[in-house]
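Novice: Structure, please.
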Amino acid sequence: MRQIRLLAATGTAVAALALTACGSGTGTEDEGASQPKATADTPASKTPKGSTEGTGGRTANGTPVASTHTPRTHTPDARPSTAATRSGGSTGTGKSVVLCNGTNTSVTAQPLNRPLNHMLITVKNTSGKRCELPYYPVLRFDQMQWVPQADEETQPQAVVSLAPGESGYAGVLLSAADGSGTGGMTAHKLTVAFQGFTPNSSGGPSATPALPAKGVYYDSALKVTYWQQDLDAIAGW
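Specialist: Residues are numbered from 1 along each chain as shown. Below is the predicted model:
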């Protein structure tokens, strides 16, 4: 009888211990839960991503935020502007550019006594509009199969531009003064071709200025100058 009472007392004590453990939150069900649960009074340790305060660049807890925005820079147009389109069309100001050629000019070819073996080509603007003479004249005597080269040292700083009634000039070395030229012959016809705004492009119809009745002698030394605005630029060439 005493043994039964002892066992009953022992069971009652075990039950009391179990209830006490559950009420304190340290029972077997909480084993391994080392992190306490956050309460409503505990401030958040992390600021929500992208949260800022107004426009001052600060987080919700007042910490400055480093800006990741890169200012947009303006890149100028890399393409160079030109005074005229290379097709000989209109300029950026709406003004048209006209090329000098055989339709709007009069062209003469005059052999010179000095310098020896030289000839002067004169182009006069006979139209009512300004025209331009890019590069140099392309000459052809009779049925000549080669093109005389230009003296690069005579290239002007700007394209020759002729107002109505104005003239442009080019010099021609016909033959070597010391007789060193080869393939010499006498020509009775001269064709003067005009270039466009790109080298070796067509600037329009050619001109055929008259030559002296006796013709003009030329050889392999034949070369020309660039078009010039003033005659003085090639006076001593």
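
Novice: Can you report how many residues neighbour the spatially closest residue to residue 203 that is not a sequence neighbour?
Specialist: Nearest residue to residue 203, sequence neighbours excluded (Cβ to Cβ, 6 or more residues apart in numbering): residue 194, at 3.5 Å. (Glycine included, C-beta is placed from N, CA and C.) When neighbours are defined as other Cβ atoms under 10 Å, residue 194 has 28 of them.

Novice: which ones are touching residue 194?
Specialist: 99, 100, 101, 102, 133, 137, 138, 202, 203, 204, 206, 207 (Cβ atoms under 8 Å, 6 or more residues apart in numbering).

Novice: Can you give me the neighbour number for residue 99?
Specialist: 21.

Novice: Helix or strand with the lowest mean pLDDT in this structure?
Specialist: helix 2-24 (a mean of 39; mean pLDDT, DSSP states H and E).

Novice: so after it, what's the next helix or strand?
Specialist: Remark: after helix 2-24, the chain's next helix or strand is strand 98-99, criterion DSSP states H and E.

Novice: I'd like to know which elements that following strand is packed against.
Specialist: On a contact count with 3 or more Cβ pairs under 8 Å, 6 or more residues apart in numbering; DSSP states H and E, strand 98-99 meets strand 131-133.

Novice: Listing partners with orientation, what would you give for the strand it packs on?
Specialist: When pairing is defined by DSSP bridges, strand 131-133 lines up against strand 98-99 (parallel), strand 160-162 (antiparallel).

Novice: thinking again about what came up before, from the contacts of residue 194, which single one is nearest residue 153?
Specialist: Among the contacts of residue 194, residue 137 lies closest to residue 153 (Cβ to Cβ), at 16.6 Å.

Novice: which residues touch that closest one?
Specialist: With Cβ under 8 Å, 6+ apart, residue 137 has these contacts: 121, 170, 192, 193, 194, 224, 227.

Novice: Residues in contact with the helix or strand containing the first one: which ones?
Specialist: Residue 121 is part of strand 118-125, with elements assigned from DSSP H and E. Where contact means Cβ under 8 Å, 6+ apart, the residues beyond strand 118-125 that reach it are 100, 104-112, 131, 133, 137, 162-174, 192, 207, 209, 216, 224, 227, 237.

Novice: From what I see, residue 196 and residue 203 are in contact.
Specialist: Yes - look at residue 196 against residue 203 with Cβ atoms under 8 Å: they come within range, at 4.5 Å.

Novice: neighbour count winner among these two?
Specialist: Using other Cβ under 10 Å as the criterion, residue 196 and residue 203 rank with residue 203 on top: 23 against 18.

Novice: Contact partners for the more buried one?
Specialist: So residue 203 contacts 88, 99, 100, 101, 134, 193, 194, 195, 196 (Cβ under 8 Å, 6+ apart).

Novice: Quick check, pLDDT for it.
Specialist: pLDDT for residue 203: 96.

Novice: and what of residue 133?
Specialist: pLDDT at residue 133 comes out at 98.

Novice: and it, what are its bridge partners?
Specialist: residue 160.

Novice: same thing with residue 118?
Specialist: residue 112, residue 173.

Novice: Look at it and say how many residues are nearby.
Specialist: For residue 118, the count of nearby residues is 18 (other Cβ under 10 Å).

Novice: do you know how far it is from residue 207?
Specialist: Distance from residue 118 to residue 207, counting by Cβ to Cβ, to the nearest Å: 19 Å.
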